[in-house]
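> Kindly generate the corresponding structure for this input.
(one chain, ligands or ions: 2)
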Amino acid sequence: MRVLILGSGGREHALAWKLKQSKNCEELFVAPGNGGTSQIARNLPVKVNDFNAVKNAIVENRIDLLVVGPEDPLVNGVVDFLKSQDELTELLIIGPSGEGALLEGSKDFSKKFMEKYGIPTAKARVFTIKTLSEGVAFLESISGPYVLKADGLAAGKGVIITEDLAEAKANLTEMLKGKFGAASSSVLIEEYLSGIEVSVFVITDGRNYKILPEAKDYKRIGEGDTGPNTGGMGAISPVIFANRIFMEKVEERIIKPTIRGISEEGFEYKGFIFFGLIKVNGNPFVIEYNVRMGDPEAEVVMPRIKSDLLDILTATARGHLHKTDLQIEPYTASTVMLVSEGYPGSYEKGREMTIGEPLKNVVTFHAGTAYENSSLKTNGGRVLAITGLGKNMDEALNKSYQAIRKISWEGMTFRKDIGFDLKRLGQ
Ligand code: AMP
Ligand code: GLY
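Ligands and ions are numbered 1, 2, ... in the order given. Below you'll find the model as predicted:
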């Protein structure tokens, strides 16, 4: 198989690392990739939203299987575009059509889908500029915390939660007046759910599914979950409170009806579903759907997949997922994200990096890195994800943090408390 992965983050390096181990992986390409992927695959200078360039890369490199990493091209319809090309009728693709991708691309659409299929989620109402005064009146009629969500993709910044009614009203007005551009031309006001979050992943061919290892990510920049949201500062898998009883509820109440909905709606969906869940009084609720793997969750999920992922993805794209067997490693994986000083605000790129020798039971996944004349430089906000593997969470985290001591660049920043809340729960 000749495989192309679209994207350039730690998630794509983790996918590449896992797919490269397959005996059936003949040649591996990543577009555009990063410094890490360039060491195990051929990076192609193609932008993920330039669909013609993606198509040409597929034709020129005789790609058999395309794996789409990020949500943007999916929501923009890359799968529909490629499937409509005469030269690409044989191409296998991991990633849903534009319609399926609306589960992530529109929170209004996904809320209606969940309501239709009886999937537990926070109650919500949707408002536009025309109904702004009703939205304000609605905020006045409920108690806080107030949860406001831009309908469309807003690079992880489209959710505002505040206890303050005046602030909520001001935010609703600003959002509907274009704070996040078209993404916030509709805004959901959602019931606040109090609980602990966990990310659950499945791979599906639209009818069959397999559950991948779950993970917990740490979104805030600061220790103790403080400060602004980031793309993710670290992750742990497995998650202690996602025990058998909870996961059975997730499967029966959330995964099965979601797959049934996808099939009944006739969505062309062969790919990952990422369920952002919250556990409230022992019961799972959906906070959001994503139509791809998480980042940095992929950096802990991929190392825990024992089976040949390429075989599983090929079977998924062909609609034969039920014929495969997915085996999971019993150990714990932790990842700690090393970021540029200033992230998630503005930061410098091009800082020279030292990454030391590889350690046993540690995998270094690159995110924002690039090689410049064989020297490794920072090239983004999230730079490296250091994954440690161990018998339990402490052992895995010790590995991650031990490896980090050998890594440096000017302004390197990371959280020293990944897993802190799970430790409190008593792992
Ligand atoms: P989202 O972009 O939908 O994942 O939301 C970002 C974050 O906001 C989530 O990870 C939660 O921490 C929080 N959040 C979203 N919706 C709710 C809700 N209804 N109740 C409480 N917290 C929420
Ligand atoms: N880590 C959260 C995400 O990938 O959306």
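> For the rest of this, base every contact and every neighbour count on C-alpha atoms.
Fine.
> Could you grab the helix/strand/coil label for the closest residue to ligand 2 within the stretch 201-350 of the chain?
The nearest approach of the stretch 201-350 of the chain to ligand 2 comes at Gly294, 3.4 Å away (CA to the nearest ligand atom). Going by DSSP: H, G, I helix; E, B strand; the rest coil, the secondary structure assigned to Gly294 is coil.
> Am I right that it is in contact with Arg11?
Yes - using CA atoms under 8 Å as the test, Gly294 is close enough to Arg11 to be in contact (7.0 Å).
> follow-up on the earlier one: burial count for the residue of the stretch 201-350 of the chain closest to ligand 2?
For Gly294, the count of nearby residues is 29 (other CA atoms under 10 Å).
> Do you know the pLDDT at the residue positioned nearest the centre of the chain?
Nearest to the centroid of the C-alpha atoms of the chain, with distances taken as CA atoms, centre = their mean, sits Gly294, at 1.8 Å. In this model, Gly294 is scored at 97, pLDDT.
> just use 22 as the starting number from now, easier for me
I'll keep to 22 as the first residue from here, and by that count the last item is Gly315.
> Next, work out how far apart Glu47 and Val24 are.
8 Å (CA to CA, to the nearest Å).
> So between those two, which is more surrounded?
Between Glu47 and Val24, counting by other CA under 10 Å, Val24 is the more crowded of the two (26 against 10).
> Assign a three-state SS to that one, would you?
Applying three-state DSSP to Val24 yields a three-state assignment of strand.
> Torsion angles phi and psi at Leu410?
Dihedral angles of Leu410 (phi, psi; degrees, to the nearest 10) stand at phi -120, psi 140.
> okay, now it: neighbour count?
26.
> Can you name the residues that contact it?
Tyr352, Thr353, Ala354, Ser355, Asn382, Val383, Glu416, Ala417, Leu418, Lys420, Ser421 (CA atoms under 8 Å, 6 or more residues apart in numbering).
> Kindly report the same for Asp329.
Asp329 touches Leu40, Gln42, Ser43, counting by CA under 8 Å, 6+ apart.
> picking that back up, weed out the non-buried ones from the contacts of Leu410.
The neighbour count (16 or more other CA atoms under 10 Å) marks Tyr352, Thr353, Ala354, Ser355, Val383, Glu416, Ala417, Leu418, Lys420, Ser421 as buried among those.
> Okay, and which of these map to helices?
In this view, the buried ones among the contacts of Leu410 that belong to helices under DSSP state H are Glu416, Ala417, Leu418, Lys420, Ser421.
> From these, pick the one nearest Lys327.
Ala417 (17.3 Å; CA to CA).
> my guess is that closest one contacts Gly411, does it?
Yes - using CA under 8 Å, Ala417 makes contact with Gly411 at a distance of 4.2 Å.
> intersection of neighbour lists for those two?
Shared contacts of Ala417 and Gly411 (CA under 8 Å, 6+ apart): Thr353, Ala354.
> picking up where we left off before, okay if I get the contacts of Asp329 as TSV plus pLDDT and distance to ligand 1?
Shown next, in TSV, are these (pLDDT from 0 to 100; distance: CA to the nearest ligand atom, whole Å):
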residue	pLDDT	distance to ligand 1
Leu40	98	28
Gln42	98	32
Ser43	98	33
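> which among those residues end up buried?
In the contacts of Asp329, the ones that pass as buried (16+ other CA under 10 Å) are Leu40.
> So which of the contacts of Asp329 sit within helices?
Reading helices off those with DSSP H, I get Leu40.
> Now do the buried residues in stretch 333-346.
For stretch 333-346, by 16+ other CA under 10 Å, it's Ile333, Leu334, Thr335, Ala336, Thr337, Ala338, Gly340, His341, Leu342, His343.
> give the contact list for the closest residue to the second one other than its chain neighbours.
Take Leu334 and drop its neighbours on the chain: the residue closest to it by CA to CA, 6 or more residues apart in numbering is Ile115, 7.0 Å away. Contact criterion CA under 8 Å, 6+ apart gives Leu86, Leu87, Val88, Val89, Lys291, Gly292, Phe293, Leu334, Thr337, Ala338 as the residues in contact with Ile115.
> Give the bridge partners for Ile115, please.
Residues in a beta bridge with Ile115, per DSSP bridges, are Val88.
> Likewise for Leu410?
Ala354.
> what residues does the helix or strand of the chain with the lowest mean pLDDT touch?
Ranked by mean pLDDT, DSSP states H and E, the weakest helix or strand in the chain is helix 153-162, scoring a mean of 86. With CA under 8 Å, 6+ apart as the test, helix 153-162 has contacts from Phe148, Tyr167, Leu186, Ala189, Lys190, Leu193, Thr194, Leu197, Ile210.
> how about that helix: buried residues?
Buried, per 16+ other CA under 10 Å, within helix 153-162: Leu153, Gly156, Val157, Leu160.
> In these, find the pair that's most separated.
Among these, Leu153 and Leu160 lie farthest apart (CA to CA), at 10.6 Å.
> can you pull the pLDDT of Lys198?
The pLDDT attached to Lys198 in the predicted structure is 88.
> neighbours around it, how many?
With other CA under 10 Å as criterion, Lys198 counts 17.
> wait, what's in contact with it?
Lys198 neighbours (CA under 8 Å, 6+ apart): Ile150, Ser205, Ser206.
> list the contacts for the first one?
If I follow you right, that is Ile150. Leu197, Lys198, Ser206, Ser207.
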